[in-house]
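Trainee: Provided below for reference: sequence and predicted model.
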Amino acid sequence: MKKSEKLLSLKDATQLVNDGSRLALGGFGIYQRPMAFVRELIKQKVKNLTIVGVVNSIEADILIGSNCLSAIETSYVGFEKYGIAPNFRKYSEKGKLRVINYPELLSVDRFRASQENLDFWPATGLGGTDIVKLNKDIKSFKSPISKKLLHALPAAKPDVVVIHALAGDPYGNIIIPSYKNMAQSLDIILSRSCNNVIITIEKIVSDNFMKKHPHLIEIPSHRVKAVCLAPYGAHPTSMLGRYSEDEKHWVEYIKASKKNEDFKKYINKYINSANGNNSYLNKIGGAHLSSLLQVDVQK
Amino acid sequence: MINNYTLNELLAVNLSKEFKNGEVGFTGLATGKQATLYITAIPLVAMELAKRTHAPDLNIIFAGWIQNPDLSKIDKLPEAEYDETLRDIPCEAQYLSYPYQYSYKRGDISFAFGSGVQVDKVGNINSVSIGDPKKPKVRMVGPIFLPEHFSQFGREYIMMPHHEKRSFVNKVDYIAGVGYPGGKKGRKALGIPRGGPELVITPKCIFEFNKTKGFIKVRSIHPGVSTEDLRNSTGFELENLDNINTTKIPTSEELQIIREKIDPKGILIGEIYK
């Protein structure tokens, strides 16, 4: 019998994300976010999502500005060296976005709790913070062993996880190169924290290539619901060892997101009037995309 | 003989004396240029100086994953936590997986540096929002790693690039990191395992804490700053400053190490004297 392929178009894969879902998006900060998938979510006008995150940036800000998001659980929404996230700031100050603050690395532990199928992660040291005081879902308790005061952080419990990765096969075996950073390590944790995992990949590779690198399959096919081909799928964020962030596009995005009118124009140009990922990439331009390519020999 | 010094050098030299041999110092990257100078560049120079004067076994963890980078070999201060500039800095070790090759919850980090928009009298810090947190007047980036900095690390050096009334307040609008409410005893009652703010470094002074009673006080005022200026730029009441110390100025030898060995290209803290 033949093995089942899990290849879906980005459009079909977004059907796995229902309105009101708890969505976790791979990557970290301004690195390796599944932007092609996010753009398709915006095109499909998905509503009332909650992002459950760790350190968020443009992948959250663009969903906020497109009215797809009603809440976000995170430690940070910002653009690091590029400054504040304009839509995030605007919508939170207008009371149009519910922001639930969590500490940074304990936000990762919330996914580790989900990976272990636990309801919560025990944390020390959160007493006295407004993080605890203003969040009814965080419960204080005494360790049954030492009687120390601890706080139970609710597990992340994402309904859907979307990750952008380098390569994989049509069956859903996904390669993550051994030279990793935080973004790639978190992707691996995320992929084990949920039973609805969608992976967008730069390239589908041959069975022979996969068999040559079996030790790099960090996400095995049985953990994956759908695989979508999305070259440059993290643009304008960077992809470790493959392409740098697109500074020019970041600046364009930030400029556009300051005024509602300009932001609408941006979304129309790059998402609504684009016919999928390839059409988006054509708008960015092949020569410009080529200029972002990196040299990396330490994979 | 070098007898002129910059504010950046003054702060780096005074900080460097705080670090003990064998400690582990952690510094991340910031949002914005001034914050980067205060929580990344000045701390890196201070730690390098400590290594060269009295603490050769100090381990610097840069951006959470680069151990003891060779800063004299870089052309510009990295602006991104995870990109090829940082990847290619010569260093002693790179921590590539998460959870990292160290355990911050076991107390591996001796000290770190953090910043926010408000610090209050007991040393609480705010990087989240101004006004009612549910519908804030100004929303900032979020608590980030500060809750962990203030409860899991041995000491926190609060680095404030601006000394203004609105940043030094009686009570912060959102507590992201906990200072000394009720002193050290108060921290213990809250279940906080260790640490807390040690100093607050500003362009005008260095604050320290009465950790028993739990309040902030001026440790020293920088040369050229008047007590009146300090009071006018601070939003909470300051104690009697009549006999307050002046921040110790760098020696010629310390300045020479910084300018010739640590920051020869002037890309870390040297923009002013270049």
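Mentor: Nice, I can see it. Numbering: from 1, shown residues only, chains lettered A, B, ... in the order given.
Trainee: Show me the shaky parts of chain A.
Mentor: Along chain A, the model assigns pLDDT under 70 to residues A:298-299.
Trainee: For it, which segments count as strands?
Mentor: Per DSSP state E, chain A carries strands over the ranges A:22-25, A:49-52, A:69-74, A:98-101, A:120-123, A:139-142, A:149-154, A:160-168, A:174-175, A:197-204, A:217-219, A:226-229.
Trainee: and these as CSV, adding distance to chain B and mean neighbour count?
Mentor: In this view, the C-beta of every residue, glycine as well, is placed from N, C-alpha and C. Formatted as CSV, these follow (distance: least, Cβ to the nearest Cβ, whole Å; neighbours: other Cβ atoms under 10 Å in any protein chain shown):
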stretch, distance to chain B, mean neighbour count
strand A:22-25, 15, 25
strand A:49-52, 13, 24
strand A:69-74, 6, 22
strand A:98-101, 5, 18
strand A:120-123, 9, 20
strand A:139-142, 8, 12
strand A:149-154, 3, 20
strand A:160-168, 14, 26
strand A:174-175, 16, 25
strand A:197-204, 17, 22
strand A:217-219, 11, 19
strand A:226-229, 24, 23
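Trainee: Which stretch among those approaches B:Lys184 most closely?
Mentor: Of all these, it is strand A:149-154 that lies closest to B:Lys184, at 15.7 Å by Cβ to Cβ.
Trainee: Pull out the buried residues from stretch A:244-258.
Mentor: Across stretch A:244-258, burial judged by 16 or more other Cβ atoms under 10 Å in any protein chain shown covers A:244-246, A:249-250, A:252-254, A:256-257.
Trainee: In helices, which of those residues appear?
Mentor: Judged by DSSP state H, the subset of these located in helices is A:249-250, A:252-254, A:256.
Trainee: Out of the residues you listed, which comes closest to chain B?
Mentor: A:Trp250 (11.3 Å; Cβ to the nearest Cβ).
Trainee: Up against chain B, what does the stretch 151-299 of chain A have?
Mentor: Within reach of chain B by Cβ under 8 Å from any Cβ of the partner chain, the stretch 151-299 of chain A has these residues: A:179-183, A:185-186, A:189, A:238, A:240, A:244-245, A:294, A:296.
Trainee: my read is B:Asn21 is in a strand, agree?
Mentor: No - B:Asn21 is assigned coil when assessed by DSSP: H, G, I helix; E, B strand; the rest coil, not a strand.
Trainee: which residues touch it?
Mentor: Neighbouring residues of B:Asn21 by Cβ atoms under 8 Å, 6 or more residues apart in numbering or on different chains: B:54-58.
Trainee: Ranking by neighbours, what's the top pick from those?
Mentor: The most neighbours of any of these, using other Cβ atoms under 10 Å in any protein chain shown, belong to B:Leu58, which has 22 neighbours.
Trainee: For that one, which non-adjacent residue is closest in space?
Mentor: In space, B:Leu58 comes closest to B:Lys51 once its chain neighbours are excluded; the distance is 5.1 Å by Cβ to Cβ, 6 or more residues apart in numbering or on different chains.
Trainee: what's around that neighbour, how many residues?
Mentor: Neighbours of B:Lys51 (other Cβ under 10 Å): 20.
Trainee: Out of the buried residues of stretch A:244-258, the closest to B:Met160 would be?
Mentor: A:Ile254 (25.9 Å).
Trainee: residues contacting the closest one?
Mentor: A:Ile254 sits next to A:79, A:82-83, A:86 when contact means Cβ under 8 Å, 6+ apart.
Trainee: And B:Lys248, by the same measure?
Mentor: B:13-14, B:220.
Trainee: quick revisit: which one of the contacts of B:Asn21 is nearest to chain A?
Mentor: B:Leu58 (22.8 Å).
Trainee: Pretty sure B:Glu18 is one of the things that closest one touches, is it not?
Mentor: No - B:Leu58 lies out of contact with B:Glu18 (Cβ atoms under 8 Å); the separation is 11.0 Å.
Trainee: Could I get the full set of helices for chain B?
Mentor: Under DSSP H, chain B gives helices at B:7-16, B:33-36, B:42-53, B:84-87, B:146-152, B:183-189, B:227-232, B:252-256.
Trainee: List the buried residues in the second one.
Mentor: Looking back up the chat, that one is helix B:33-36. Buried positions in helix B:33-36, judged by neighbour count with 16+ other Cβ under 10 Å: B:35-36.
Trainee: Kindly report the same for the longest one.
Mentor: Neighbour counts using 16+ other Cβ under 10 Å place B:42-52 of helix B:42-53 among the buried residues.
Trainee: Can you pull the residues of the stretch 101-250 of chain B lying near chain A?
Mentor: Looking at chain A, the residues of the stretch 101-250 of chain B close enough under Cβ under 8 Å from any Cβ are B:104-105, B:128-129, B:133-148, B:150-152, B:174-178, B:181, B:186-187, B:189-193.
Trainee: and these, which are buried?
Mentor: B:104-105, B:128-129, B:133, B:136, B:139-148, B:150-152, B:174-178, B:181, B:186-187, B:190-192.
Trainee: could you redo the contacts of B:Lys248 as JSON lines and give each row pLDDT and neighbour count?
Mentor: Formatted as JSON lines, the contacts of B:Lys248 follow (pLDDT from 0 to 100; neighbours: other Cβ atoms under 10 Å in any protein chain shown):
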{"residue": "B:Val13", "pLDDT": "98", "neighbour count": "24"}
{"residue": "B:Asn14", "pLDDT": "98", "neighbour count": "20"}
{"residue": "B:Ser220", "pLDDT": "98", "neighbour count": "16"}
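Trainee: could you check the angle strand A:149-154 makes with the top helix by length along chain A?
Mentor: As assigned by DSSP H, the longest helix anywhere in chain A is helix A:104-115. Using axes from the mean of the first three to the mean of the last three Cα atoms, to 10 degrees, the inter-axis angle of helix A:104-115 relative to strand A:149-154 is 60 degrees.
Trainee: in helix A:104-115, what's buried?
Mentor: In helix A:104-115, counting by 16+ other Cβ under 10 Å, buried: A:104-115.
Trainee: Packing partners of it?
Mentor: In terms of contacts (3 or more Cβ pairs under 8 Å, 6 or more residues apart in numbering or on different chains; DSSP states H and E), helix A:104-115 is packed against strand A:120-123, strand A:149-154, helix A:182-191, helix B:146-152.
Trainee: one more time with 10 Å
Mentor: The contact analysis (3 or more Cβ pairs under 10 Å, 6 or more residues apart in numbering or on different chains; DSSP states H and E) places helix A:104-115 against strand A:22-25, strand A:49-52, strand A:69-74, strand A:120-123, strand A:149-154, helix A:182-191, helix B:146-152.
Trainee: any chance you could map the strands in the stretch 151-274 of chain B?
Mentor: For the stretch 151-274 of chain B, applying DSSP state E, counting those that start in this stretch gives strands covering B:155-159, B:168-169, B:197-201, B:205-210, B:215-221, B:245-246.
Trainee: what mean pLDDT does the last one have?
Mentor: Here strand B:245-246 scores 98 as its mean pLDDT.
Trainee: next one: the fourth one
Mentor: In this model, strand B:205-210 has an average pLDDT of 98.
Trainee: Pull up the pairing partners for that strand, direction included.
Mentor: Sheet pairing of strand B:205-210 (DSSP bridges) gives strand B:197-201 (antiparallel), strand B:215-221 (antiparallel).
Trainee: Repeat that for the second one.
Mentor: On the basis of DSSP bridges, the sheet neighbours of strand B:168-169 come out as strand B:118-120 (parallel).
Trainee: From the chain's centroid, how far away is the strand it pairs with?
Mentor: 14 Å (Cα atoms, centre = their mean, to the nearest Å).
Trainee: contacting residues around it?
Mentor: B:124-130, B:140, B:158, B:160, B:166-177, B:179, B:181, B:197, B:200, B:202, B:207, B:215-216, B:235-236 (Cβ atoms under 10 Å, 6 or more residues apart in numbering or on different chains).
Trainee: Let me know the average pLDDT across it.
Mentor: Computed over strand B:118-120, the average pLDDT equals 98.
Trainee: okay, now residue 179: neighbour count?
Mentor: No chain specified, so I'll use chain A. 15.
Trainee: nope, chain B
Mentor: For B:Gly179, the neighbour count with other Cβ under 10 Å is 28.
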